[in-house]
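1. sequence unknown, structure follows:
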Ligand code: PXP
C-alpha cells in the first residue's frame, strides 16, 4: 500500500463515558446516569460511545453496558481485558467493536499498551471466537513497530495507538519530547496502515493535544473520555464535545486542504 497523502477516511470521535459512572459511584446512587450522558454524546454529534468494563467494576458496571446496548443508536466500542469473563459478556452483548486493553488492579487508568508480541498465541486464540461472532477487534497498543506487526499477525482489525506519552509531553510543555512522541505515533500509524490495520488513537487527549493527532492521515477514530467529562463541569458535556469536534476538524482540514476533494 503506498504512503497516504490524504486521509484514510473521515475522522470519527468516540466519547468514553466511564467517568460519568465514576462520579455516580462516588455516592453509590444512580446519578449521573451514563445512559443519559450517552444521549448527550449523540446529540453533540459524536460518532460512537466507548466504555471500559473493568474487572473491579470501579466505574462502568454490567447493567450500564446492558442498558447502553439496548438503547444506544451509535456503535459501542467495548474496552475489556482479555479474560474469559469479559469475552463471555462481549459474546452475549455483541458490541460493534471490542477493544482489548491491558488491565492491572492497582493502576488508576490504563497504563501502557497491550503486550501483543509475547502474548501472540494466547491473544490469537482469545480473539478467534469474537472475530467469528462478527465483533471488530481492536488492540490498544503503544506505537511500537513490533507490537503493530504482531497485531496484524493475530488478525486484529484495528489498532488503537496509545497517545498518553504524547499528551503528557504537550501538557508539560516539553516540546522536544512531544515532537519525538508525535513522530513515533506518525510512523506507527503509517506502518499499521500499510499492514492493512484500521488506525485509532486515544488516551489523555485534550483541546491542546488533539490537533496534531487528528492531522495524522491514517487515523480514522479518536477515543476521548476523561478530559471531556472533566471539561463538562465548565462548559457542559455537549459544549465540550462540540469544541473537541471543531478542533479535530480544523486540524484535519488544515493538514489536507489541498488533497481533500471538494
Ligand atoms: N482508549 C483507550 C483504549 C482507553 O483505555 C482509554 C481510557 O479508558 C481511552 C481511550 C480514553 O482515555 P482518556 O479518558 O484519557 O481520554
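-> Noted; the coordinates are in hand. What you see is a predicted model; the values in this text were computed from it and never measured. Numbers count the residues shown, from 1 in each chain.
2. quick one: the helices in this protein?
-> In the chain, the helices defined using DSSP state H lie at 18-27, 34-43, 62-71, 84-93, 120-132, 145-153, 164-171, 175-194, 210-214, 226-235, 237-256.
3. Below-threshold pLDDT in this protein: ranges please.
-> In the predicted model of the chain, residues 1-5, 105-106, 110, 258-262 satisfy pLDDT under 70.
4. Those residues of it touching the ligand, which are they?
-> Counting by CB under 6 Å from any ligand atom, the chain comes close to the ligand at 16, 18, 52, 79, 99, 101, 109-110, 140, 160, 202-205, 223-227. (Each C-beta comes from the backbone N, C-alpha and C, glycine too.)
5. So which of these are in strands?
-> Residues of those located in strands (DSSP state E): 16, 52, 79, 99, 140, 160, 202, 223, 224.
6. Emit the ChimeraX select command for whichever of these are buried.
-> Here is the ChimeraX selection string for the buried members of these, based on 16 or more other CB atoms under 10 Å:
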select :16,52,79,99,140,160,202,223,224
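7. and which of the ones in strands among the residues of the chain next to the ligand is nearest residue 121?
-> Taking CB to CB as the measure, residue 121 lies nearest residue 140 of these, at 19.1 Å.
8. Relative to residue 79, how far out is that closest one?
-> Between residue 140 and residue 79 the computed distance is 7 Å (CB to CB, to the nearest Å).
9. now residue 244
-> Using CB to CB, residue 244 is found at 19 Å from residue 79.
10. and what of residue 72?
-> Residue 72 is 15 Å from residue 79, by CB to CB.
11. just residue 152 next, same as before
-> Distance from residue 152 to residue 79, counting by CB to CB: 20 Å.
12. Ok, residue 187 next?
-> Distance check for residue 187 against residue 79: by CB to CB, it reads 25 Å.
13. what does residue 10 give?
-> Using CB to CB, we find residue 10 at a distance of 22 Å from residue 79.
14. Repeat that for residue 253.
-> 29 Å.
15. what's the spacing between the closest residue to residue 141 other than its chain neighbours and residue 22?
-> Excluding its sequence neighbours, the residue lying closest to residue 141 (CB to CB, 6 or more residues apart in numbering) is residue 113, at 3.8 Å. Residue 113 sits 22 Å away from residue 22, going by CB to CB.
16. between these two, which one's more packed in?
-> Neighbour tally, residue 113 and residue 22, criterion other CB atoms under 10 Å: the higher count belongs to residue 113, 22 against 16.
17. what are the phi and psi angles of that one?
-> Residue 113 adopts backbone torsions of phi -100, psi 180, taken as degrees, to the nearest 10.
18. I'd guessed it sits against residue 142; true?
-> Yes: counting by CB atoms under 8 Å, residue 113 does reach residue 142; the two are 3.9 Å apart.
19. shared neighbours, those two?
-> Counting by CB atoms under 8 Å, 6 or more residues apart in numbering, the shared contacts of residue 113 and residue 142 are residue 162.
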